[in-house]
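Asker: this one's sequence-less:
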């Protein structure tokens, strides 16, 4: 029997990641974390990636309206064990409660860079040229 060598996440990893994301979101919405920096900031959790053994959850977060994301990420990582403890009632079906790590979500910045590239005069000229060739 051959093992899959794909690095794509399994359906189970995706499903558990979404459950952990929803649970972390509820903990933050209820204001259970007593940190002034976290309490006064709106935090969006865009994705949670689970390790293959489901013991580590990496949450990608975006603090909205804050220029310096590092302070929020540090505060969340400082309270990661408390947040992990609050996930228990919502993730009762899991054998092990995952360790939560918070990372800055840079995907929106990457999308903006790609969008700016596609709108640059050089690329738009090439795209217009290709569409004229097809006609």
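Answerer: Now that the structure is in, tell me what you want to look at. Treat the numbers as computed from the prediction; the structure is a model and nothing was measured.

Asker: show the pLDDT at residue 93.
Answerer: With respect to pLDDT, residue 93 scores 88.

Asker: okay, now it: neighbour count?
Answerer: 7 (other CB atoms under 10 Å). For every residue, glycine as well, the C-beta is placed using N, CA and C.

Asker: ditto for residue 52
Answerer: 11.

Asker: in this protein, which spans are strands?
Answerer: Along the chain, the stretches classed as strands by DSSP state E are 42-50, 56-64, 99-104.

Asker: just name the most buried of these.
Answerer: strand 56-64 (a mean of 19; mean count of other CB atoms under 10 Å).

Asker: which helices and strands does it pack with?
Answerer: Under the contact criterion of 3 or more CB pairs under 8 Å, 6 or more residues apart in numbering; DSSP states H and E, strand 56-64 touches helix 11-29, strand 42-50, helix 69-78, strand 99-104.

Asker: redo these as a markdown table? Include distance to residue 125 and mean pLDDT.
Answerer: As requested, these are exported to a markdown table (distance: least, CB to CB, whole Å; pLDDT from 0 to 100):
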| stretch | distance to residue 125 | mean pLDDT |
| --- | --- | --- |
| helix 11-29 | 40 | 95 |
| strand 42-50 | 34 | 94 |
| helix 69-78 | 35 | 94 |
| strand 99-104 | 35 | 96 |
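
Asker: need the ones you listed in CSV (columns: distance to residue 91).
Answerer: Listed next are the helices and strands packed on strand 56-64 as CSV, based on distance: least, CB to CB, whole Å:
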stretch, distance to residue 91
helix 11-29, 6
strand 42-50, 12
helix 69-78, 18
strand 99-104, 11
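
Asker: right, and these - which one's nearest residue 92?
Answerer: Closest of the helices and strands packed on strand 56-64 to residue 92 is helix 11-29, at 10.6 Å (criterion: CB to CB).
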